[in-house]
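1. below is the sequence, then the predicted model.
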Amino acid sequence: MSTPEINQVLAQMRVARAQATGGAAVNETPQTDFRDLLKKSIDAVNETQQTASELRTSFEKGDDSVDLAQVMIAAQKSSISFEAMVQVRNKLVEAYKDVMNMPV
């Protein structure tokens, strides 16, 4: 997720907290669905992986416009973004389990 998206989610959490405690929300932000933010992030990771794959294929075919450094940087970006997505997924699953184990 990008920094503006994270700030938007944090602002929504602050508004929800203020509403839950009975306080008035100071800065209301436009409503963005968490599902949409998550989907955009997953799509961005997928796009990064596709780009890396295309560069790798072009390099393997002997395309002179693609050099090894480009391929390696794209592969590392793809790997890092995927690992970050996996960590976010793990935290979401952990939070879901915590909520499911809460006594009613």
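-> Here it is on my side, so go on. Keep in mind the model is a prediction, meaning the values are calculated, not measured.

2. just for the chain, where's the confidence low?
-> 1-4, 23-31 (pLDDT under 70).

3. which element is residue 65 on?
-> Residue 65 belongs to no helix or strand when assigned by DSSP states H and E.

4. for it, give me its contacts.
-> Contacts for residue 65 (CB atoms under 8 Å, 6 or more residues apart in numbering) come out as residue 58. Any C-beta I mention is one placed from the backbone N, CA and C, and that applies to glycine too.

5. again, but for the one 3 residues further on
-> For residue 68, the residues meeting the contact criterion (CB under 8 Å, 6+ apart) are residue 59.

6. please parse the chain into its domains.
-> 1-31, 33-104 (automatic domain parsing).

7. I'd say residue 66 and residue 52 touch.
-> No: with contact defined as CB atoms under 8 Å, residue 66 does not reach residue 52; the gap is 11.4 Å.

8. neighbour count: those two, which is higher?
-> When residue 66 and residue 52 are compared for neighbours, residue 52 comes out ahead with 22 against 18, by other CB atoms under 10 Å.

9. what sits against that one?
-> The contact partners of residue 52, by CB under 8 Å, 6+ apart, come to 71, 74, 75, 77, 78.

10. and the fourth one, how far from residue 6?
-> Just to be clear, that refers to residue 77. 19 Å (CB to CB, to the nearest Å).

11. just the last one next, same as before
-> Taken as CB to CB, the spacing of residue 78 relative to residue 6 amounts to 21 Å.

12. of these two, which one has the most company?
-> Neighbours per residue (other CB under 10 Å) separate residue 78 from residue 6, with residue 78 holding more: 21 against 11.

13. name the residues of whichever strand or helix holds that one that are buried.
-> Per DSSP H and E, residue 78 falls inside helix 68-100. By 16 or more other CB atoms under 10 Å, the buried positions in helix 68-100 come out as 71, 74, 75, 78, 81, 85.

14. now the fourth one: closest residue in space, sequence neighbours ignored.
-> Think residue 78. Spatial nearest neighbour of residue 78, chain neighbours left out: residue 52 (3.9 Å); criterion: CB to CB, 6 or more residues apart in numbering.
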